[in-house]
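Engineer: What would the 3D arrangement of this be:
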Amino acid sequence: MPARVHAIIVARPGSSARAQLLRTLDALRSQTTPAAAITLVMCGDAASARESETVQRSVEGIIEARSGTSYAEAVDLARPRVADGSAIWLLAHDTAPHPRALERLVGSLERFPSAAIIAPKLVQTDNDREIVSLGVSMTGLGRSVELAAGELDQGQHDGRDDALGSDIRGILIRSEVRDSLRPDPALAGADEGLDLGVRARLGGGRVVLTPSARISVAPDGPAALPTGRSRRAYATRTAQLHRRLAYAPGVALPLQWLALLPLALWRSITHLIGKRPEAVAPEWGAALTAMFRFGSVARSRRSIRRFRTMSWASIAPLRVSRADLRRRLDDGHGSEGGAVSELHFFSGGGAWAVLAALVVSIASFTSLLAWPVLGGGALLPLRTTVSALWSDAAWGLRSVGVDVVGPADPFSGVVAVLGSLWPAGPSFSLVLLWILALPLAVLGGWFAATRVTDRSGLRIFAGVAWALAPTFLTALVDGRPTAVLVHLLLPWLFHAGVVAHRSWGAAGAASLLFAAVTACSPSLAPALVLLWVIALGITLGGARIRGAVRLLWLPVPAIVVFAPLVLWQLRHGSLVALLGDPGQVWAGPVASADAAGRLALASGFPSGDLGGWIALVGAPLATWAGVLLAPLALLALAAAVAPRWRAGITLLVVALAGLATAFLAVGITVSFAQGVPVPIWPGAGLSVAWIGVVGAALVTLDTMLTMPRVRLSAALVASVAVAVCAAPALIAFHAERSVLTDGPSSTLPAYVAAKAGSDLPVGTLVLTPQNDGGISADVAWGASETLGAQSTLLTTATRIQGEDITTLSVDLLSARDFDAAGELRSTGISFILLAKVDGEEADRARALRTAAVSSLNQRAGLVQAGETDRGVLWRLDGDADPRPTLTGGQQATARLVTTLQLVVLFAALLLSIPTRSSRRAARSRSRIVGRAPDEPLVLPRHAEDLHDGFDDVSGGTVAPMPREEAPDPVAADDEAADDDSAEVDERTDDERTDDAADVAEPAAGDADGATSPADAGETEERS
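Structural biologist: Residues are numbered from 1 along each chain as shown. Sure, this is the predicted structure:
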C-alpha cells in the first residue's frame, strides 16, 4: 500500500513569493500521486494566504509564524498536524514538483525499506536542464561537497541512488523516523539536509536519491541559503562550526571549542589569500556565535545520541576522498587552460632589454660596485641593524630632535623594507638600488606596457623610454632616493591599478603600491586620488559593483599609514605640511617657479640644468634639449584621435595630472633644510606625466595596423631622440657632474659612531653656523643621522617641536655663565659637533664658527675630542642621563597604531599573493585595457614565429586573431564576463584553499565540518 504523505510548505509573504506559492500549489494538485494533506506555514503575515481561495482550497491548515522563523522551526510548528503513519514531504513556496515527482519518491520509499530519506533531483526554475542539487557528501574532515550542482542535466548522474545527504528541499522522510529526524534549527539554514542524512545513517537508515523525481527550485526561497555573499558565508560557517561541536566526541569537545578563535584567525588568512575578503567578517561572527550556543550544541548532541545505533565508521564509504575531490575540482586545463595572452618576456626580448639596461647601468655607475655606502645629495646611511630600521618606522620617540614623540613618516617603512633586503649591511641596499635602477626601470616599463600593447617590440620601446626619462636620470645623478623609488614603483602601480576592478589580487597589489608611492612622494596623493575617483566613477557608471568595491580598497592602506601623521599635523602643524618630501631635505638643484623653470618642467626636466645639457653644451644650445622629446610628445597627442581614443585620452589625462602636480610643486614650500626653505621636488609629478605620455604614444603606435613601416620609423625616431636626450645624464657620473660619493658610513665623527655602537641612543648636538650669520641646531641620536630616522614632523615644522634646544644652543656660544654640562646632561646629549655649512663657507659663518670654538672650549664640563672631517667635536665630561622613554599612555598608543597598520598592510599583502587561479585568470584574458572592439589581437602561431613586435615590414606578418572587448578607458573587458570567468577560476582555487584550511584544523575523533563560507559564495555565483 502506498505511504500516506503529508506535505509541509514553508512560505514567506510578498508578491513574488505569493506567485511562487500559487505555482507550487498548482504543481501539487497536478501530482499523479497527490499528497494526503498539505499544511502551509507562513513566516509572516498570513492574511493574504487566508484570503486566497486557491490556498484555502489546497491546504488543510495555515499556521502563522513570526517573520524571523527559520525553515527548521517552521517545519517543527507543523508537525503536530501530521497524522500518525504519514511520511513528511518538506517543501517551500518556491519548490514546484514536476507531475510525477511524488509518485516516484513514494515508489522509492517502498522499494528501499532501509531508506529513511528519499531525495529528489532539484533543477532550476527558469531552466529545468540545469541541476541545482542531487546529493551531498563530505570530506574526511567534514567539508560538505555537492555531488552534482551547476551542471547541464544529461542524465549523467541518474544511475546514482546512494548518498550521505542531500538538499533539504523536496526530501521525503519516512514516517517511522520523522520524529527523530528533525531539521536542526541551530544550523542557521545551511547543511540541514546533510545533517539529516548523517543522523539517518547513524540511526541505521540511508538517503536514497531518486533522480527521476524532479523539483524546480528558486535560489531565494525560505529553505535556500541566505542571499548575499556575507550573509551566506556567515550562515554556512555557523552551520559548519555547530556540526563540528555536535559531532565531536566528548573528550574532544573542549579542544574543538578552544580552537574556534585560532581557527577563525587561520581561516581569515586563507580567505585573504584566496581573494575572499568578504568572508573574513562572517568568519569571526560565526566563530563567536558558535562559542556561546551551549544550549543548542547540547540539544543537537542529545538528539544524535538518542537516535544513534551505528558507529561513525558507517558513513566512511560515502565520504568524498581527497583524490575524488581533486578530480571534481579539476577543470581539465590546469594552469594553462584557455590562455590567450602570454607575456613572452623571454621570447619577446624583454629579458634582453633588461640585461642591456644592466650593462648600461654598470657602465654609467662603475665605481658604485666597490662602494659599501652611497652618499651625496639627499642620501644618508641606513641603520646598522634591521630591528633599528623597523623601530624608526613605528610610532614612538623619534630619532631626531629632543623628546619628539609621534608617528613615523610612512617613507620610513619603505626604507625599512629596502634595508631588510640586505640585513648584513642595510646601507648597501641603496648601492644595489642605484646599480639596478636602470634595469628595474626597464622591467617595470615593459610590464606596464603589457596593459597597452601585445607587440613585443613596442613593449621594449616602452621599457627603454621609461628608464631614460629625464626626471629619473636626474634623480639618479642628484642622489634623490625618494624620486628614484617613485619612478620604479609607478609602472607597477599602473600595471596592477588598471585591472584592480578585475580581481582582489590586483586590487591588493595596487593598494600596497599606492601606499608605497604616496609614502615616497606625498605630493602625488592629490593626482593619484583624482585618477582613482575617475576610475571609480567609470566603474560605477558601468554598473560593475563588485569591481567598484575592489577599487574602494585601493587607498585604504595608504589612509591607514598616513592617518597618524594627518592627526599629528592637524594638532601641531598644518595639512599642507603633509605634502612635504620625506627623508633628507636637500636644497639641491630644482626647476624654479618662474617662466624658465616652468618651461623646463613642460619639457620634462625637473631641474634647471636640463638633464645635464647646460653643463655639456652651454645654456643657449641646451634650451633646445626639450625638442628631442618632441617625437614622443607628438605620438602621445595623436592617441586622442587614434582608434583606441578612449584609452589614449585617459592616458593623456594621466599626463596632465602629473604635469599639473609638477607645476604646483615648485610653487609650494613646506620643508626646511637648516633654515633654508626647500620646494617640493617636482620630478615625482613628471614621472606620472611621463607614464601617461609613454602610454599614449604606445596607443598610437599600437593602432597603426595598416602602416607597419610608419610605425617602425616613428618608434625608432622617438627611441633615438629619447636616448640622445639621456646621454648627458648617463655620462654625468664619469664627467664628475654627479653629487654621488663613496659614503660616508656615518654623518657623525668616528668617535661618536664608536660610542654609539649598534645604534645606542647616544645624543649629539650638531651646530652649523650659517652664511647669513645664524646658526642651525639639530640633535642626532645613535651612530649617524640616517635616512629612515628623518621625520617631516621636524623638517616641515614652523614652531618648536619637543624640547626647545635653540636657547641652549645660543647660550652655549654666548658669554652667559651657566651650567652648560648639566643642561646637556639632563637632555641626554653626550656630544657637541660644530659642523661646517654645505658648500662654500662665507665670512660671517667662518667668524661665527671661530667664536663658537673659543666659547665651547671655555665651558666647564665640556672636553674637546678633536677636529674631524665632520667638524670640531666636544664630549661631555661624564655620562649623560638616559634618554626618556615613552609613558604608559604613549606605549599604548604606539601598540594600537602599529597593530592597526600591520593588520591592514598584512591583509593587503595576503590579497596580493598570486594563486594558481589568479595566474590562470591572467593568462585566460587579454592583459590589454582599452582595446577597440573591432581591433585584432596579435598572437603568434608558434613560439618560434615571434617577430620583432613592430610587424615584419617585408610582408611576413602574424595573422591577427579577432577579439572583441568593450572600449572602456579603465577596462576593455565587460565586467560581467570578467567576473564570470574569474569566478570559475577562483572557485576552483577557493575550494582547494578551503581544503588546506580544513587540513590545518585539528580533527579529534569523528569531528566533522561543513561547507566553507567561500563555497557558499561560489554557489551564489552559480545561481
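
Engineer: burial measure for Gly618, as a count.
Structural biologist: 10 (other CB atoms under 10 Å). For the C-beta atoms, the positions are set from N, CA and C on the backbone; glycine is no exception.

Engineer: do Leu698 as well
Structural biologist: Neighbours of Leu698 (other CB under 10 Å): 29.

Engineer: Assign a three-state SS to the closest residue in space to it that isn't next to it in sequence, would you?
Structural biologist: Spatial nearest neighbour of Leu698, excluding adjacent residues (CB to CB, 6 or more residues apart in numbering): Val452 at 4.4 Å. Of the three states, Val452 takes coil under DSSP: H, G, I helix; E, B strand; the rest coil.

Engineer: How about Leu833?
Structural biologist: Taken by three-state DSSP, the conformation at Leu833 corresponds to strand.

Engineer: can you pull the contacts of it?
Structural biologist: Leu833 sits next to Leu748, Pro749, Val752, Thr764, Leu765, Val766, Leu767, Arg870, Gly871, Val872, Leu873, Trp874 when contact means CB atoms under 8 Å, 6 or more residues apart in numbering.

Engineer: Sort out which of those residues are in strands and list them.
Structural biologist: Thr764, Leu765, Val766, Leu767, Gly871, Val872, Leu873, Trp874 (DSSP state E).

Engineer: where does the last one land on pLDDT?
Structural biologist: This means Trp874. pLDDT, Trp874: 93.

Engineer: Could you measure from it over to Thr764?
Structural biologist: 10 Å (CB to CB, to the nearest Å).

Engineer: quick one: least confident helix or strand in this structure?
Structural biologist: Of all helical and strand segments in the chain, the minimum by mean pLDDT, DSSP states H and E falls on helix 1013-1022, at a mean of 31.

Engineer: residue ranges with poor pLDDT in the stretch 851-1000 of the chain?
Structural biologist: 931-1000 (pLDDT under 70).

Engineer: ah, wrong one, I meant the stretch 651-800 of the chain
Structural biologist: If you take pLDDT under 70 as the line, the stretch 651-800 of the chain has these spans: 758.

Engineer: Show me what the helix or strand hosting Arg301 is packed up against.
Structural biologist: Assigned by DSSP states H and E, Arg301 belongs to helix 294-307. Packing partners of helix 294-307 (3 or more CB pairs under 8 Å, 6 or more residues apart in numbering; DSSP states H and E): helix 192-202, helix 229-247.

Engineer: For the residue nearest the centre of the chain, which residues are in contact?
Structural biologist: With distances taken as CA atoms, centre = their mean, Gly508 lies nearest the centre of the chain, 1.2 Å away. Counting by CB under 8 Å, 6+ apart, Gly508 touches Leu272, Lys275, Trp553, Ala907, Ala908, Leu909, Leu910, Leu911, Ser912, Ile913.

Engineer: Kindly recompute the last result at 7 Å.
Structural biologist: By CB atoms under 7 Å, 6 or more residues apart in numbering, the contact set of Gly508 is Ala908, Leu911, Ser912.

Engineer: Distance from stretch 729-743 to the middle of the chain?
Structural biologist: Its chain's average C-alpha position is 38 Å from that of stretch 729-743, according to CA atoms, centre = their mean, to the nearest Å.

Engineer: what's next to stretch 307-320, contact-wise?
Structural biologist: 137-140, 145, 163-164, 180, 198-199, 201-204, 1006.

Engineer: Compute the number of surrounding residues for the closest residue in space to Phe365 that isn't next to it in sequence.
Structural biologist: Nearest residue to Phe365 in three dimensions, chain neighbours excluded: Phe733, at 5.5 Å (CB to CB, 6+ apart). Neighbour count for Phe733, taken as other CB under 10 Å: 20.

Engineer: buried set for stretch 360-377?
Structural biologist: Val360, Ser361, Ser364, Phe365, Leu368, Trp371, Val373, Leu374, Gly375, Gly376, Gly377 (16 or more other CB atoms under 10 Å).

Engineer: Show me the residues you listed that map onto strands.
Structural biologist: Using DSSP E, the buried residues of stretch 360-377 in strands are Leu374, Gly375.

Engineer: Which single one of the buried residues of stretch 360-377 is nearest to Ile171?
Structural biologist: Nearest to Ile171 out of the buried residues of stretch 360-377 is Ser361 (CB to CB; 70.2 Å).

Engineer: any idea how far Leu730 is from the closest one?
Structural biologist: For Ser361, the distance to Leu730 - CB to CB - is 9 Å.

Engineer: ditto for Arg111
Structural biologist: On the measure of CB to CB, Arg111 and Leu730 end up 86 Å apart.

Engineer: between the two, which one's more packed in?
Structural biologist: Shown here are Arg111 and Leu730; by other CB under 10 Å, Leu730 has more neighbours (22 against 12).

Engineer: Could you verify that Ile38 is part of a strand?
Structural biologist: Yes. Assessed by three-state DSSP, Ile38 belongs to a strand.

Engineer: what about it, distance to Gly508?
Structural biologist: 52 Å.

Engineer: ok, Ala721 - contacts?
Structural biologist: With CB under 7 Å, 6+ apart, Ala721 has these contacts: Leu628, Leu629, Pro631, Leu632.

Engineer: If you could redo that for Ser15, that was the one I meant.
Structural biologist: Counting by CB under 7 Å, 6+ apart, Ser15 touches no other residue.

Engineer: mind checking pLDDT for the residue nearest to Leu698?
Structural biologist: 92.

Engineer: before we move on, what about the one 4 residues further on?
Structural biologist: Here the pLDDT value assigned to Ser456 is 91.

Engineer: Around it, how many other residues sit close by?
Structural biologist: Using other CB under 10 Å: Ser456 sits among 26 other residues.
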